[in-house]
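J.: Got a predicted structure plus its sequence, pasted below:
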Amino acid sequence: MNRVTAHTGSKYPIIQAPMGWIARSQLASAVCEAGGMGIIETSSGEIDNCKKEIQIMSELTDKPFGVNLPLLFLKDDSMVNFCVESGVKFVTTSAGDPTKYVGVLKDAGITVYHAVPSLEGAIKAANAGVDGLVIEGTEGGGFKSPVEVGLLVLIQSIKQNLDLPIIAAGGIVDGAGMAAVFAAGAEGIQMGTRFVSSLESPVHDNFKNKIIDSGIDGTYILNKKSKPVIRALKTNLTNDINEKGEMDMTALMNIQDLYFGGDMEAAPALSGQSSGLINEIKPVKQIINEIVDDFNSICDSMSEFKI
């Protein structure tokens, strides 16, 4: 057990990212049952549906799970209050300043980790009183910082300044990636793209297969001169956006048609660089077991390479 598993209550320090509309009970419960930490998203803004998904989790698993609260997108305190009243024990916050809710959540016995893409953000979160950090490198998919800093550099920079447990996110799909970020100072990993392309993921097979067919150069960072900055798979749509150099939020309006209808040109297909390392759709349990086995094997073998 390390500090992350002590906080999450999960068997392994492997956390599923809170992808909008995707990180619901079907996927999150599978991650929990396999020994990881499943997270229910609320970034979709479908508050009533997300509340139902939180309630459904207790029917699907007796393992601990978490909820993500994207602070800038919360219209009121209702979701925070629901987490408190529902007995949720682990929350990740993101997209904003956690100061407003850290005290409320921690007073309810909830562990709070905040997601940050920078050293500055990590220091602010630490000063707000969070229990840990989710460190997001530029390699990850979805909404990104316009300042591109790689995950390993970011982890080491933060470790030099803070002593908080770190969950590393961005570009990790296997035991080698997990071992690398642990060597840099992380105590857990968060994966999005790998779980999106799992058997239990609710997204259309077209999306899963596009991830598998992508190479390590199969994504773009888009809209760097404006907001939102995103990383997405290369498609005809994102090729056009990349050439124009700009994008507004309307480009994401039909993202559910992509996720669940399989129309890969309906919206940018949010995905990380790790898509180039994924070669097969696998059950969540197999994904997690292989990562743990490979991680342990790598750690055992490293003793042979002492200088």
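T.: Looks like it came in fine.

J.: Touching the helix or strand of the chain with the lowest mean pLDDT from outside, list them.
T.: Ranked by mean pLDDT, DSSP states H and E, the helix or strand of the chain with the weakest confidence is strand 142-144, at a mean of 86. The contact list for strand 142-144 (CB atoms under 8 Å, 6 or more residues apart in numbering) reads 17, 19, 95, 117, 136, 138, 192, 221, 228-231, 270, 272. In short, each C-beta sits where N, CA and C put it, glycine included.

J.: Quick check: of those, which lies closest to Ser201?
T.: For those, the minimum distance to Ser201 (CB to CB) is 9.1 Å, reached by Met19.

J.: what about the closest one, which helix or strand?
T.: Assignment of secondary structure by DSSP states H and E places Met19 within no helix or strand.

J.: Now for it: which residues touch it?
T.: Contacts of Met19 (CB under 8 Å, 6+ apart): Glu41, Gly142, Gly192, Val196, Leu270.

J.: Among those, name the ones in helices.
T.: Judged by DSSP state H, helices contain the following of the contacts of Met19: Val196.

J.: those helices in the stretch 51-200 of the chain, which residues are they?
T.: For the stretch 51-200 of the chain, the helices defined by DSSP state H, counting those that start in this stretch occupy 78-86, 99-107, 119-128, 151-159, 175-184, 193-196.

J.: now for the fourth one, which elements pack on it?
T.: Under the contact criterion of 3 or more CB pairs under 8 Å, 6 or more residues apart in numbering; DSSP states H and E, helix 151-159 touches helix 119-128, strand 132-136, strand 166-169, helix 175-184.

J.: the inter-axis angle of that helix versus helix 175-184?
T.: 30 degrees (axes from the mean of the first three to the mean of the last three CA atoms, to 10 degrees).

J.: try the third one
T.: Following the same axes, to 10 degrees, one obtains 70 degrees for the angle between helix 119-128 and helix 175-184.

J.: Based on its surroundings, how many neighbours for Val153?
T.: The tally of other residues near Val153 (other CB atoms under 10 Å) stands at 13.

J.: any idea how far it lies from Leu119?
T.: 10 Å (CB to CB, to the nearest Å).
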